[in-house]
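Visitor: Return a 3D structure for these sequence lines:
(one chain, ligands or ions: 1)
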Amino acid sequence: MPKYYGGIEAGGTKFVCAIGSGPDEILAENRFSTTSPSETLGKSVDFFLHYKDEFPLESIGIASFGPIDLNLDSATYGFITKTPKSGWSDCDVVGAVSKYFKIPIGFDTDVNGALLGEYRWGAAQNISNCIYLTIGTGIGGGAMAGGNLVHGLVHPEMGHIRLQRDIELDPFEGCCPFHGSCLEGLASGTAIERRWNQRADTLEFDHPAWELEAEYIAQGLHILICVFSPQRIILGGGIMNQSQLFPKVREKVLSSLNEYVKHDAILENIDTYIVPPGLGNRAGVLGAIALAMKAAE
Ligand code: ZN
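Guide: Numbers count the residues shown, from 1 in each chain. All right, here's what the predicted structure looks like:
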């Protein structure tokens, strides 16, 4: 008997629901815009209810935008906590699904989910110490150490590490409402748009924005490499579709570390050390399915 797993990629702008067991085994999929919690979670539940006889599920995985409560002992486990996204603060995401499905529900951040998907099927296979950083409207990061996704008090918030800014080179103060010039404040798609008064995806290939962007990403990676000592770093998200960023980021990371971290993975093989997601833009929903498979173990 084949086994069926449900995945919900719960993003701030869109939700993707799917049933399957891997990249080549997606049996049903639906995507819709993120509106109110009741409407969006209702559509998600309806999707799985529609297929409940055809594809009876072992488990469901939810890879959610955050911040979220991952503490199993907490009264608000499974909630999105305080988010600037209107209507979604204190939203019980897991409860909305578990009310209808008495099966294991896996729940983690969207980035941890994507990392788990990459570990199972993509660019992090057999790499048990790895980081996945997504650079889009915002910036988030997931970490795996010894094959386990890193949680803690809450979950990593890699987008909010502080960076150095040369105020003559970059007068833009940063857009993070909490920190100004943190990584997200300086290098997210939102920051790029505010700095240049132009959407990131409309900036020319050789626009100076990309040199500056690579500089900030490299500063962030320098910190993450020193703190986590990852064996590989995956950079995803809409901004990283600008493929010219990869060689610039790699070069700047090498220059910034200045041969301090002595390992061939960095010094000789930086092209396979800092890489795009192996699952491309399907990392999110496949990550949710990977969370489901883990919850069913
Ligand atoms: Zn911040």
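Visitor: can you give me the helices in this protein?
Guide: Assigned by DSSP state H, the helices in the chain fall at 37-50, 93-98, 110-121, 183-187, 189-196, 208-228, 245-257, 264-267, 270-273, 283-296.
Visitor: quick check: mean pLDDT across the first one?
Guide: When pLDDT is averaged along helix 37-50, the result is 98.
Visitor: Can I get that helix in PDB, CA atoms only?
Guide: Extracted in PDB, the C-alpha atoms of helix 37-50 (Å, rounded to 0.1, in the frame of the first residue of the first chain):
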ATOM      1  CA  PRO A  37      -6.800  32.900   8.800                       C
ATOM      2  CA  SER A  38     -10.300  31.400   8.700                       C
ATOM      3  CA  GLU A  39     -10.600  31.600   5.000                       C
ATOM      4  CA  THR A  40      -7.000  30.400   4.200                       C
ATOM      5  CA  LEU A  41      -6.900  27.600   6.800                       C
ATOM      6  CA  GLY A  42     -10.400  26.600   5.800                       C
ATOM      7  CA  LYS A  43      -9.300  26.200   2.100                       C
ATOM      8  CA  SER A  44      -6.400  24.100   3.300                       C
ATOM      9  CA  VAL A  45      -8.600  21.800   5.400                       C
ATOM     10  CA  ASP A  46     -11.200  21.500   2.500                       C
ATOM     11  CA  PHE A  47      -8.400  20.500   0.100                       C
ATOM     12  CA  PHE A  48      -7.400  17.500   2.300                       C
ATOM     13  CA  LEU A  49     -11.100  16.600   3.100                       C
ATOM     14  CA  HIS A  50     -11.800  16.500  -0.700                       C
END
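Visitor: Check which helices and strands it sits against.
Guide: Here helix 37-50 touches strand 4-10, strand 14-20, strand 26-33, helix 93-98, going by 3 or more CB pairs under 8 Å, 6 or more residues apart in numbering; DSSP states H and E. From N, CA and C alone the C-beta is placed, and that goes for glycine too.
Visitor: neighbouring contacts of the first one?
Guide: For strand 4-10, contacts defined as CB atoms under 8 Å, 6 or more residues apart in numbering pick out 15-21, 27, 34, 44, 48, 55-65, 93, 97, 101, 110, 113, 284-293, 296.
Visitor: Just the buried ones from these, in PyMOL syntax?
Guide: Isolation of the buried members of the contacts of strand 4-10 (16 or more other CB atoms under 10 Å) is achieved in PyMOL through the command below:
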select buried, resi 15+16+17+18+19+20+21+34+44+48+55+57+58+59+60+61+62+63+64+65+93+97+101+110+113+284+285+286+287+288+289+290+291+292+293+296
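Visitor: Report pLDDT for the residue of the stretch 1-150 of the chain found nearest the ion.
Guide: Here the stretch 1-150 of the chain gets closest to the ion at one residue, residue 139, 8.8 Å apart by CB to the ion. Turning to residue 139, the model gives it a pLDDT of 95.
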